[in-house]
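Peer 1: with the sequence up front, the predicted model follows.
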Number of protein chains: 4
Amino acid sequence: MPQRKTQPQRASAPGRRRELLSLAAEVFAAHGYDATTVRRIADEAGMLAGSLYYHFDSKESMLDEILSTFLDELWEGYDTVLAAGLGPRETIEALVTESFREIDRHRAAVAIYQKESRQLAAQPRFRYLTVSQERFERAWLGTLERGVADGCFRADLDVRLAYRFVRDTVWVAASWYRPGGGHTPEEIARQYLSMVLDGIAVRA
Amino acid sequence: MPQRKTQPQRASAPGRRRELLSLAAEVFAAHGYDATTVRRIADEAGMLAGSLYYHFDSKESMLDEILSTFLDELWEGYDTVLAAGLGPRETIEALVTESFREIDRHRAAVAIYQKESRQLAAQPRFRYLTVSQERFERAWLGTLERGVADGCFRADLDVRLAYRFVRDTVWVAASWYRPGGGHTPEEIARQYLSMVLDGIAVRA
Amino acid sequence: MPQRKTQPQRASAPGRRRELLSLAAEVFAAHGYDATTVRRIADEAGMLAGSLYYHFDSKESMLDEILSTFLDELWEGYDTVLAAGLGPRETIEALVTESFREIDRHRAAVAIYQKESRQLAAQPRFRYLTVSQERFERAWLGTLERGVADGCFRADLDVRLAYRFVRDTVWVAASWYRPGGGHTPEEIARQYLSMVLDGIAVRA
Amino acid sequence: MPQRKTQPQRASAPGRRRELLSLAAEVFAAHGYDATTVRRIADEAGMLAGSLYYHFDSKESMLDEILSTFLDELWEGYDTVLAAGLGPRETIEALVTESFREIDRHRAAVAIYQKESRQLAAQPRFRYLTVSQERFERAWLGTLERGVADGCFRADLDVRLAYRFVRDTVWVAASWYRPGGGHTPEEIARQYLSMVLDGIAVRA
DNA sequence: CATGAATGAGTCTTCATTCAT
DNA sequence: CATGAATGAAGACTCATTCAT
């Protein structure tokens, strides 16, 4: 039986594993990590609480795998965008669009990330959250600064504030976004970009 | 509207009470409500866990009082704005400014609200969170719609999306805002409004 | 006398069986019976925990077989000595020497016996430990008493105390003895006997 | 209320604390540390399992305190003996006597020590067991060597073997010793010393 | 013979809460 | 007002064991 070395600890059919993680992510997102009992996840999976430990070695390691899988995929997308050599405005557009696509694909993980990452980042095990966040900041902040230098973004903005503004604006969407709810990620991205770039007020 | 709860069985100096609540809010905000133990709060207050129960009848009732106090004050400010008969744009400006002022005054409570309100709203005791949220939505959404009708806001926007955009944009700030950190609430409000209303891109 | 247990439901090559038992004994001795997980033994054997149940019907039955096998062999040796019609001093010498030989052959089993027998003896299944212990006591105590009567052992000793002294003195050696470590069992026996019989002090 | 700084974590009446530890020691000694459930100890103390955690922060910390308290007292006694400037034979006599006194006072702790110290010593928290053991070895071994040099102990002995012989001989007694059982520690010590020093055989 | 997956009972531990003093 | 001690319910996790494949 193929034992993928990628799999941590005991091997379990990669399919089952992913299925369980997806389930867990859903529950974590809905009720919060702390408030979610292992039993709740097991119930949802139709097994007993203890049985989950055949697949994962702790509740925390499920969380870990959910978040790191999400971040891996996120950075794959981001890196492609950042390597494309686009201008600042196009880069922002592409990043925002990519972000909404990730929200679409990993809604639960994103919601968990939003809610728990600050606390988690303090633990050594989740150091990578901090690392990712710093890369994130450099990417966005750098692009905004290039844009200001370029003259395509307004020069009178506090760039750090603008960074937070854009960042939050996008990611909080995960808290209300429901996939298959009329809007495709691309549509939402377009609308958001329109607001972020040009504002909601009518031009004078 | 936050319900007036029966005041704690035994009376305690209102000063001490407020002090304890403020402390609790700080800890809840820093570590999350669930993750905060009553003992932690008591430690911070220099007393034993059991002693807190002289002042409050439960951990939940502390949370309740923190949130309802905050919402009471928030609505006082909002109601003044909404009753002032301003135009849509000025109303938005005033609401955003008022919001940042509340974040300044009740940072901890706002952070807690952001993180926990969704779960809490499910409990009967915290129904007022839902009520408040609905009033909130009516106020903002109505103003935006009036603005579109007026012609001062762009007609091509999805108003619900715009509502979420503005709402989130403002309140998430509580997660990084530190009072006394160089920016007054009014300054931040001005910058945010500039971005929200006119966008970050340079006008064509 | 160790009871002949029903051999495991399904047959398994006696070689493999002994190998597994030897492995299990080693792990039990090293970490304690309770602290040893079935999985640990299986790991050591290069199989999964569940697979052990093809060979044995429980963790306890492995322990049982380890101990009873050891005691069977021990008594074979002891009985030969006791039937040889030696004098008290020579009997003691032969028993001690035989004991060190058993420690050499069954180090792990002896260590387990030392550590766990008291608790185990309470269970019906391990009654034979008590039985063996009583025979043991009769053999040693009787020999010592004969020796005192004979005049070859000192008359001023508390015989029960002397019994415990000799008994413990010998068997605890299993806790530090490492086979192939410079001393043959016979050498150690000779040294121990020299100390037990003549003391460590220089004769006046 | 006097809060002795000597007390770890939460203060609890030193009396109660000692009482609980003594109880726990008894149960650990009787059933083994691993096999003893926290609930069992609590039962014995007439409280619920969770309540123990008001006094101690873990099962392990109870064990720790039991063992370290014992070792502290043991070394107090030993150090007095070792500092007294006695000859080798008198030192051995004094150490053995002191040991039986400690067995009398701390029977449970000694039994636990005998059974668990080897495993425990591997954990960093119990490093002091190893340290103590090394000091122990130096004290006994050194005395024996001095005695051999002096000519009061036999020159033909393997000193390391003799060390183990004496050491084990004494301490294993904890496994069968019952205080108030006819023998005072001093009596037992005298008998043991007589055997260890002069042997059980009649002088040629 | 062995694996993979699960069971179910039990363990340690945490924590909000109570209450006599 | 506060302490000290305890309760009791719940939670994460472990592990021997089972069994279909």
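Peer 2: Now that the structure is in, tell me what you want to look at. Residues are numbered from 1 along each chain as shown, chains lettered A, B, ... in the order given.
Peer 1: right, and residue A:100 touches residue A:191 too?
Peer 2: No - Residue A:100 is beyond contact range of residue A:191, at 9.9 Å (criterion: C-beta atoms under 8 Å). Any C-beta I mention is one placed from the backbone N, CA and C, and that applies to glycine too.
Peer 1: looking at those two, which is more packed in?
Peer 2: The neighbour count for residue A:100 versus residue A:191, taken as other C-beta atoms under 10 Å in any protein chain shown, is higher for residue A:100 (26 against 18).
Peer 1: so residue A:157 sits in a strand?
Peer 2: No - membership of residue A:157 in a strand is not supported by DSSP: H, G, I helix; E, B strand; the rest coil, which gives coil.
Peer 1: number of residues surrounding it?
Peer 2: Here the count is done by other C-beta under 10 Å, and residue A:157 has 18 residues near it.
Peer 1: quick one, what contacts the closest residue to it other than its chain neighbours?
Peer 2: Nearest non-adjacent residue to residue A:157, counting by C-beta to C-beta, 6 or more residues apart in numbering or on different chains: residue B:200, 6.2 Å away. Taking C-beta atoms under 8 Å, 6 or more residues apart in numbering or on different chains as the criterion, residue B:200 is in contact with A:144, A:153, A:154, A:157, A:162, A:165, A:166, A:196, A:197.
Peer 1: in helices, which of those residues fall?
Peer 2: Among those, the subset assigned to helices under DSSP state H consists of A:144, A:162, A:165, A:166, A:196, A:197.
Peer 1: from chain C, how far out is the residue of chain A found nearest DNA strand E?
Peer 2: Closest residue of chain A to DNA strand E, C-beta to the nearest atom of the strand: residue A:50 (2.7 Å). With the distance defined as C-beta to the nearest C-beta, to the nearest Å, residue A:50 ends up 14 Å from chain C.
Peer 1: try residue A:189
Peer 2: Distance of residue A:189 to chain C, computed by C-beta to the nearest C-beta: 49 Å.
Peer 1: ok, that residue touching residue A:97?
Peer 2: Yes - assessed by C-beta under 8 Å, residue A:189 is found in contact with residue A:97 at 4.1 Å.
Peer 1: ok, these two, which is more surrounded?
Peer 2: Taking neighbours as other C-beta under 10 Å, residue A:189 and residue A:97 compare with residue A:189 leading, 24 against 20.
Peer 1: so what's that one up against?
Peer 2: Residue A:189 neighbours (C-beta under 8 Å, 6+ apart): A:93, A:96, A:97, A:99, A:100, A:101.
Peer 1: quick check: it is in a helix.
Peer 2: Yes - under three-state DSSP, residue A:189 sits within a helix.
Peer 1: how many neighbouring residues does whichever residue of chain A sits closest to DNA strand F have?
Peer 2: In chain A, the residue found nearest to DNA strand F is residue A:50; the distance is 2.6 Å by C-beta to the nearest atom of the strand. Neighbourhood size, residue A:50 [other C-beta under 10 Å]: 10.
Peer 1: which residue packs closest to it, ignoring adjacent ones?
Peer 2: residue A:42 (8.0 Å).
Peer 1: now the one you found: how far from chain C?
Peer 2: 20 Å.
Peer 1: equivalent analysis for residue A:93, please.
Peer 2: From residue A:93 to chain C the distance is 53 Å (C-beta to the nearest C-beta).
Peer 1: contacting residues around that residue?
Peer 2: A:189, A:193.
Peer 1: repeat that with 10 Å
Peer 2: Counting by C-beta atoms under 10 Å, 6 or more residues apart in numbering or on different chains, residue A:93 touches A:81, A:86, A:87, A:189, A:190, A:193, A:196, A:197.
Peer 1: just the C-alphas of stretch A:66-78, formatted as CSV.
Peer 2: This file holds the C-alpha atoms of stretch A:66-78, laid out as CSV (Å, rounded to 0.1, in the frame of the first residue of the first chain):
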residue,chain,number,x,y,z
ILE,A,66,-5.5,23.4,7.9
LEU,A,67,-3.7,26.7,8.2
SER,A,68,-0.4,25.7,6.6
THR,A,69,-2.2,24.0,3.7
PHE,A,70,-4.1,27.2,3.1
LEU,A,71,-1.0,29.4,3.4
ASP,A,72,1.0,27.2,1.0
GLU,A,73,-1.6,27.5,-1.6
LEU,A,74,-2.1,31.2,-1.0
TRP,A,75,1.6,31.9,-1.5
GLU,A,76,1.7,29.8,-4.6
GLY,A,77,-0.9,32.2,-6.1
TYR,A,78,0.7,35.3,-4.7
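Peer 1: quick one: contacts of it?
Peer 2: A:18, A:21-22, A:24-25, A:28-29, A:33, A:82, A:94-95, A:97-99, A:101-103, A:105-106, A:108-110, A:112-113, A:116-117, A:120, A:126, A:128-129, A:131-133, A:135-136, A:139-140.
Peer 1: show only the entries of these found in helices.
Peer 2: A:18, A:21-22, A:24-25, A:28-29, A:82, A:94-95, A:97-99, A:101-103, A:105, A:108-110, A:112-113, A:116-117, A:120, A:128-129, A:131-133, A:135-136, A:139-140.
Peer 1: residue A:139 contacts residue A:98, correct?
Peer 2: No - using C-beta atoms under 10 Å, residue A:139 is not in contact with residue A:98, being 11.1 Å away.
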